[in-house]
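**Student:** Give me a model of this one.
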Amino acid sequence: MITRVIFLLFSIFQFGTAYCLEPLQHDDAGANKLTWKEMLSTVAVKSNLLYDLTTTFNVGVEFCLNDCLSLDILGNYNPWTFSNNKKFKHVLVQPELRYWIREPYKGHFAGAHLMYSSFNAGNINLPFNILSGLENYRYRGNGYGLGLSYGYQWALAPHWGIEGAIGLGYMYMDYTKYECDPCGMDIGKGHKHYFGATKAAVSLIYTMN
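**Tutor:** The predicted structure follows:
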C-alpha cells in the first residue's frame, strides 16, 4: 500500500516538475520567467488558526521554488497537561511540495506531504478516530506518514493572505499504552495503520518580498 501511495505522489508531480524546474526561460512574448534568486526571494510565514485553538504552538514557512512549485514546512509543538491529566503533547513536522495552478501564493494548489510526530496523549478524544481509547488510556510513541492535499489561498492585502487546506493520507504509529493515571502502569506496546485526514488548515499568512 505504501509503495502505491509513493508512486501516486511521484506520478502527480512528475510532469509538473519536469515543466517547471527551469529557472530562466523566454515565453512567447519574450518575457523572462523568474530567476532562481527571484524565486527564492519570496518567503511566506504562516500560522494555522485551527491548531492555535488547541493551544498548539505552530509556525509554517513556505519557499517559492519557481513559477509553479513551492515548499511548505510546518512545525507544531504542544507541551501542555490540563486538568484531570488531559494532554495532547506532541511535536509534528510536515514538509509539503506544492504545485500551484496559477502561480505561487495565488488560488488553487495541490500538494504532497510527509510527516513525523512524537506524541504523548491521554484522557481526551481526537477526531477521525486516530487513536481509539484515548479517553481511558494514555499513548506515547511516534507516527510516520504521507498524504495528498488540496488548498486555496486568498489575498487580503499586499502582504497578507489566508489559506484553507485539507489532506488525506496514511500514517503508521508505534506506541506504548499506559493506564490514564498520572503515573499509569505500562500495559503493553502496539501499532496502528491509520488512513484518513492528515491535514486540516485555515492559516493566516504574511508574505515577505
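
**Student:** per-residue confidence at the residue nearest the centre of the chain?
**Tutor:** For the chain, the residue nearest the mean C-alpha position is Gln94 (4.3 Å; C-alpha atoms, centre = their mean). For Gln94, the model assigns a pLDDT of 98.

**Student:** begin at 12 from here
**Tutor:** OK, 12 is where the count begins now, so the last one is Gln105.

**Student:** residues in contact with it?
**Tutor:** Contacts for Gln105 (C-beta atoms under 8 Å, 6 or more residues apart in numbering) come out as Ile84, Leu85, Gly86, Asn87, His124, Leu125, Met126, Tyr127, Lys210. For glycine as for every other residue, the C-beta is placed from the backbone atoms N, C-alpha and C.

**Student:** give me the number of residues near the closest residue to Lys97 other than its chain neighbours?
**Tutor:** Leaving aside its sequence neighbours, Lys97 sits nearest to Asn134 (C-beta to C-beta, 6 or more residues apart in numbering; 4.6 Å). Using other C-beta atoms under 10 Å, Asn134 is surrounded by 19 other residues.

**Student:** how would you label the residue nearest to the centre of the chain: helix, strand or coil?
**Tutor:** Here Gln105 is recorded as strand under DSSP: H, G, I helix; E, B strand; the rest coil.

**Student:** One more: Asp63?
**Tutor:** What three-state DSSP gives for Asp63 is helix.

**Student:** Please tell me how far it sits from Gly158.
**Tutor:** Distance of Asp63 to Gly158, computed by C-beta to C-beta, to the nearest Å: 22 Å.

**Student:** The two - which one has more neighbours?
**Tutor:** The neighbour comparison of Asp63 against Gly158 (other C-beta under 10 Å) goes to Gly158, with 24 against 14.

**Student:** and that one, what are its bridge partners?
**Tutor:** Gly158 has these beta-bridge partners by DSSP bridges: His124, Gly180.

**Student:** Identify the residues contacting it.
**Tutor:** Contacts for Gly158 were tallied using C-beta under 8 Å, 6+ apart; they are Val16, Ala123, His124, Met126, Gly178, Leu179, Gly180, Tyr181, Thr209, Lys210.

**Student:** want to throw these into JSON lines with pLDDT and neighbour count?
**Tutor:** Formatted as JSON lines, the contacts of Gly158 follow (pLDDT from 0 to 100; neighbours: other C-beta atoms under 10 Å):
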{"residue": "Val16", "pLDDT": "46", "neighbour count": "17"}
{"residue": "Ala123", "pLDDT": "98", "neighbour count": "22"}
{"residue": "His124", "pLDDT": "98", "neighbour count": "23"}
{"residue": "Met126", "pLDDT": "97", "neighbour count": "21"}
{"residue": "Gly178", "pLDDT": "97", "neighbour count": "23"}
{"residue": "Leu179", "pLDDT": "97", "neighbour count": "13"}
{"residue": "Gly180", "pLDDT": "97", "neighbour count": "21"}
{"residue": "Tyr181", "pLDDT": "97", "neighbour count": "17"}
{"residue": "Thr209", "pLDDT": "94", "neighbour count": "24"}
{"residue": "Lys210", "pLDDT": "95", "neighbour count": "22"}
